[in-house]
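Undergrad: make a model of this:
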Amino acid sequence: MHTHSVVIKNTGKLAARNVRLPHRLALTPPLNFSVDPPTDFTRTPLAGGGEQIIFPVLVPGQQVTISYLYFPPLTYGQINLPISSDEGMARVLNVLPTPQRPKWLRTIFQVLAFIGAVTVVYFAAELAFWIKAQVP
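TA: Model (predicted):
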């Protein structure tokens, strides 16, 4: 059994209309997937075979996760095609969506890492000078 997920997020400032997520294969039985959070969508067949999921509207900031379940020998590369909407093609990012730390906290971590690096270099130099002083 195989599984994968596709996350679609509208990062623009305007609503994305008719967001289309096409699938390469027309499967019998149809492809098993779930949409989270529950959002209105339709399944329509494609002319050359396969089908697509159409989300009528994704408002700015809205994120939808489509999780697939399928069986061998089918793999994820045989399922999804490029995503598009009425506004154009979507940009694909192969990452896991994770919460980002606030900028002030990242700045503190960077400052502490810099202080630690300077301290290590300082002690390495002191150790080198000490070793040099010990050698006759």
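Undergrad: please make it C-alpha for all contacts and neighbour counts, starting now.
TA: Noted.
Undergrad: who touches stretch 60-74?
TA: 1-16, 31-37, 39 (Cα atoms under 8 Å, 6 or more residues apart in numbering).
Undergrad: same question for that stretch, mean pLDDT?
TA: On average, the pLDDT along stretch 60-74 is 87.
Undergrad: list the buried residues in it.
TA: Residues of stretch 60-74 classed as buried: V64, T65, I66, Y68, Y70 (neighbour count, 16 or more other Cα atoms under 10 Å).
Undergrad: now, those that are in strands?
TA: Judged by DSSP state E, those include V64, T65, I66, Y68, Y70 as members of strands.
Undergrad: which one is the first one nearest to, not counting chain neighbours?
TA: What that stands for is V64. The shortest distance from V64 to any non-neighbouring residue, by Cα to Cα, 6 or more residues apart in numbering, is to I8 (5.2 Å).
Undergrad: what mean pLDDT does the helix or strand that that neighbour is a member of have?
TA: In this assignment (DSSP states H and E), I8 forms part of strand 2-9. Averaging pLDDT along strand 2-9 yields 88.
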